[in-house]
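Trainee: need a 3D model of the sequence below.
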Amino acid sequence: MYPKSLENLIESFKTLPGIGAKTAERLAFALLELDEEQINVFSDSMIEAKNKIHRCSKCNMMTDEELCFVCNDIGRKDSKVLCVVEDPKNVFLFEKLDMFRGKYHVLEGLISPLDGINPEDIGLDKLLDRIKEDKFEEIIFAFKPSIEGETTALYIKKILEGLDIKITKLASGVPIGADMEYVDSLTLERALSDRKVIE
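Mentor: Numbering: from 1, shown residues only. Okay, here's the model as predicted:
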């Protein structure tokens, strides 16, 4: 019933995570209400982000420069502590809390053999090279509490055996199966401050 161009716009919005048919329709109609200048800014922003955003050459975080804002920050007081996460969104989440002043490393997912994701698929070589090169004193695993998160943490811990590094993970309080971006800030802050040594 919609004109073809409007239908295409609605279908495009539906490809975004968490956007159902009704929300896609609402967004499409809202977009049609914008004036031409606003539409151009919106369109240019999407194209610019897609073309310029890439992974930081050091930590794998999102950036539009050679190094991300964390790697460029030479004043971080806990520079010998490395927080390993599965997704760039987790770095932004921790930075909003403004309680962790160490460094980050972003993996390319978590080990999940059932989904065909093996250790060699998540960029562990880059992580291990960085750990040895920068001589970190503590590694924090900040993965979602799931089988994949536990598997990944235990696998990395095993290959780090023999190195004089303290290895910790977020404390309980983060619900099993929860997606990190939906955990409230107080729970996440407590989990980070009460992190446990992995036995």
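
Trainee: CA only for contacts and neighbour counts going forward, please
Mentor: Fine.

Trainee: give the contact list for the closest residue to Gly109 other than its chain neighbours.
Mentor: In this structure, Gly109 finds its nearest non-sequential neighbour in Glu86, 5.1 Å apart by CA to CA, 6 or more residues apart in numbering. Taking CA atoms under 8 Å, 6 or more residues apart in numbering, we find Glu86 in contact with Val106, Leu107, Glu108, Gly109, Leu110, Ala142, Phe143.

Trainee: pretty sure Val84 is in a helix, no?
Mentor: No - Val84: not assigned to a helix; according to DSSP: H, G, I helix; E, B strand; the rest coil it is strand.

Trainee: domains of the chain?
Mentor: Annotated domains of the chain cover 4-52, 74-197 [automatic domain parsing].

Trainee: same list, the ones you listed, but as CSV with mean pLDDT and distance to Leu67 please.
Mentor: Below are the domains of the chain laid out as CSV (pLDDT from 0 to 100; distance: least, CA to CA, whole Å):
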stretch, mean pLDDT, distance to Leu67
domain 4-52, 96, 13
domain 74-197, 87, 12
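
Trainee: using PDB, list the CA coordinates for the longest helix seen in the chain.
Mentor: Secondary structure assigned by DSSP state H gives helix 36-52 as the longest helix of the chain. Output in PDB follows, covering the C-alpha atoms of helix 36-52 (Å, rounded to 0.1, in the frame of the first residue of the first chain):
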ATOM      1  CA  GLU A  36      16.300  18.800   2.600                       C
ATOM      2  CA  GLU A  37      19.300  20.200   4.600                       C
ATOM      3  CA  GLN A  38      18.500  17.900   7.500                       C
ATOM      4  CA  ILE A  39      18.200  14.900   5.200                       C
ATOM      5  CA  ASN A  40      21.600  15.800   3.600                       C
ATOM      6  CA  VAL A  41      23.200  16.000   7.000                       C
ATOM      7  CA  PHE A  42      21.700  12.700   8.000                       C
ATOM      8  CA  SER A  43      22.700  11.000   4.800                       C
ATOM      9  CA  ASP A  44      26.200  12.400   4.800                       C
ATOM     10  CA  SER A  45      26.700  11.400   8.500                       C
ATOM     11  CA  MET A  46      25.900   7.800   7.600                       C
ATOM     12  CA  ILE A  47      28.200   7.700   4.600                       C
ATOM     13  CA  GLU A  48      31.000   9.400   6.500                       C
ATOM     14  CA  ALA A  49      30.700   7.000   9.500                       C
ATOM     15  CA  LYS A  50      30.700   4.000   7.200                       C
ATOM     16  CA  ASN A  51      33.700   5.200   5.200                       C
ATOM     17  CA  LYS A  52      35.800   6.600   8.100                       C
END
